[in-house]
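task: produce atomic coordinates for the following.
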Amino acid sequence: MRRREFITLLGGAAVWPAAARAQQAGKIHRIGVLNGFDNVLSNSARVTPFKQELQALGWIEGQNIQIDYREVPNPAELAAAAAALVATKPEAIMVMPTPAIEAICRATRSIPVVFANTVEPVEGGFVASVAHPGGNVTGFTSMEYSLGGKWLELLKEFAPATARVLVLFVSENYTSRGLLRSIEQAGQLLGVQIAAAPVRNADDIRRAFASFGQQDSGGLLTPPHTIITNHNRLIFQLAAENRLPAVYPFRQYAAAGGLMSYGAVEAEAYRRAAGYIDRILKGEQPGNLPVQNPDKFELVVNLKAASAIGLSIPSSLLIRADEVIE
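Sure thing, here's the model as predicted:
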């Protein structure tokens, strides 16, 4: 090889990496979001923190990232929505909550998936283990089953006379069943009778309240599920009409009119999910990213909701509350 040809070849080789970097910098990465909640709470509490964190990490919609949002509050439509989203071939998918995660996991075993709102993902079959998820799925849980017992303890602290508690749950959902078991175990220790009512729709919810009836010693708990979340205003109304004190799983419930909530700071899971999406887009495998549990919890009380059922928040709870809504 002549010297001039060698120099030309060497110079071209030096340019190739720079050209590759420039092409990569100009690439628009595509991700999907499957949201099983309705838009009343999902945008402010879930999607917005996710987008804000992506932007903080340098991912700007329309510049270097494109996000395909699918909002499907009807559980019966999730399978079709998941299949349609997978068909667009995104590089990664962020999904919430459990019913939507189940749908996505049935639709793909290759596209990286980051969940941001579920309980016991090993039991759900989403990951092989918390420390080593394996496969294409990882993410952030919203709670552990033991939190169900904590809700009942708070309910008893708010209304010590509580002797019977209505629990609305979705019997087909393993997380609802697991939280119900925790509530029932705590009920045995606290001397509280648990009236478990399986629900699938608004009519079931109305029948559950009608069957439970109005009673001075009654209370209400609602393990989280899409069906519960998407009917929260109906539940608030019926709880007030039947004068039932209630503890809900997330701040958004109390902010929307519920009496009291105790649970993880929901926005944190979605911010952290954006961090995992960032790492995946940069080449890391989801199966190597450990599932993480929530690290921030908050107690929120709503004074207006308490007044509506003729009760006041005990000072012990007000002192401990992270937020008091007037």
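
what's the closest residue to residue 63 other than its chain neighbours in contact with, if anything?
Leaving out its chain neighbours, the residue that sits closest to residue 63 by C-beta to C-beta, 6 or more residues apart in numbering is residue 28, at 7.5 Å. Using the backbone N, CA and C atoms, a C-beta is placed for each residue, glycine as well. Residues near residue 28 by C-beta atoms under 8 Å, 6 or more residues apart in numbering: 63-66.

which residues of the stretch 101-250 of the chain fall in strands?
113-115, 137-139, 164-169, 193-198, 218-221, 246-248 (DSSP state E, counting those that start in this stretch).

dump those strands to TSV, plus distance to residue 104 and mean neighbour count.
Shown next, in TSV, are the strands of the stretch 101-250 of the chain (distance: least, C-beta to C-beta, whole Å; neighbours: other C-beta atoms under 10 Å):
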stretch	distance to residue 104	mean neighbour count
strand 113-115	6	29
strand 137-139	8	28
strand 164-169	23	24
strand 193-198	25	16
strand 218-221	28	25
strand 246-248	26	29
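
of those, which is nearest residue 89?
With C-beta to C-beta as the criterion, residue 89 lies closest to strand 113-115 of these, at 13.6 Å.

pull the distance from stretch 153-165 to the chain's centre.
26 Å (C-alpha atoms, centre = their mean, to the nearest Å).

for residue 100, give its distance to residue 227.
Distance, residue 100 to residue 227, by C-beta to C-beta, to the nearest Å: 13 Å.

ok, now residue 246?
16 Å.

point out where the chain drops to low pLDDT.
When residues are selected by pLDDT under 70, those of the chain lie in 1-25, 39-44.

residue 225 versus residue 164, what's the distance?
Applying C-beta to C-beta to residue 164 and residue 225 gives a distance of 22 Å.

residue 205 touches residue 239, doesn't it?
No - with contact defined as C-beta atoms under 8 Å, residue 205 does not reach residue 239; the gap is 10.5 Å.
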